[in-house]
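**Student:** my questions are about this predicted structure, shown below with the sequence.
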Amino acid sequence: MVTTGLRKEVRLLVVDDHGDHFEQLQEIAEMYHPEYRVECRLASSAGEAVDVASSWGASVVLLDLHVISDALDLLRQLSMQGATVVATSDTRLPELEGTASEYGAVGYLSKSDNPDEIEALLGYVAAVSKQVTPHQ
């Protein structure tokens, strides 16, 4: 997160294989929010996620736990590297929420295509986003 005046700048890396969900997030993120600005990138594999998280300087990672077979390993790896990771999935399962927390997630949210819920999700990731050094 970079602070410009009073407005937070958030770099959100979305690890998801559903382009439609990413596009909805990106559309809503591009709307004007006086308290934060969210820039989004998409990664569809564990390797891509690790590369982009470090090279781009993601301030928060939104990881779909059902995207890749080794999502929990990726969650642990990103967390151990200091990334702020929010886990997500199509269904809200209490046991999955607990497991995600044990592997290092700071939160667990259900996916939604409801614009109000997506906007709330973006507000949440802006709130948990950590400060990063901006890349040129």
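**Tutor:** Nice, I can see it.
**Student:** ok, what's across the strand from Thr88?
**Tutor:** Taking DSSP bridges, one finds Asp64, Leu109 as the beta-bridge partners of Thr88.
**Student:** that one reaches Ser112, doesn't it?
**Tutor:** No. The pair Thr88 and Ser112 does not pass the contact test of C-beta atoms under 8 Å, sitting 9.4 Å apart. From N, CA and C alone the C-beta is placed, and that goes for glycine too.
**Student:** how close does the residue nearest the centre of the chain get to Pro34?
**Tutor:** Among the residues of the chain, Leu62 comes closest to the average C-alpha position under C-alpha atoms, centre = their mean, at 2.2 Å. Applying C-beta to C-beta, to the nearest Å, the value for Leu62 to Pro34 is 22 Å.
**Student:** quick one: distance of the lengthiest helix in the chain to the chain centre.
**Tutor:** Residue-count comparison of every helix in the chain, with assignments taken from DSSP state H, identifies helix 115-128 as the longest. In this view, helix 115-128 has its centroid 10 Å away from the chain centroid, taken as C-alpha atoms, centre = their mean, to the nearest Å.
**Student:** the more surrounded of Thr88 and Ser112?
**Tutor:** The residue with more neighbours, out of Thr88 and Ser112, is Thr88; 25 against 15, by other C-beta atoms under 10 Å.
**Student:** where are the low-confidence patches of the protein?
**Tutor:** Low-confidence segments of the chain, defined by pLDDT under 70, span residues 1-6, 131-136.
**Student:** all helices of it, in order?
**Tutor:** For the chain, the helices defined by DSSP H cover 19-29, 46-52, 71-80, 94-102, 115-128.
**Student:** now do the same end-to-end measure for stretch 72-88.
**Tutor:** In terms of C-alpha to C-alpha, to the nearest Å, the two terminal residues of stretch 72-88 are separated by 12 Å.
**Student:** returning to that earlier point: wait, which of the helices of the chain is closest to Lys8?
**Tutor:** helix 115-128 (5.5 Å; C-beta to C-beta).
**Student:** check which helices and strands the closest one sits against.
**Tutor:** Contacts of helix 115-128 with other secondary structure elements, assessed using 3 or more C-beta pairs under 8 Å, 6 or more residues apart in numbering; DSSP states H and E, are made with strand 7-15, helix 19-29, strand 36-43, strand 60-64, strand 85-89, strand 107-110.
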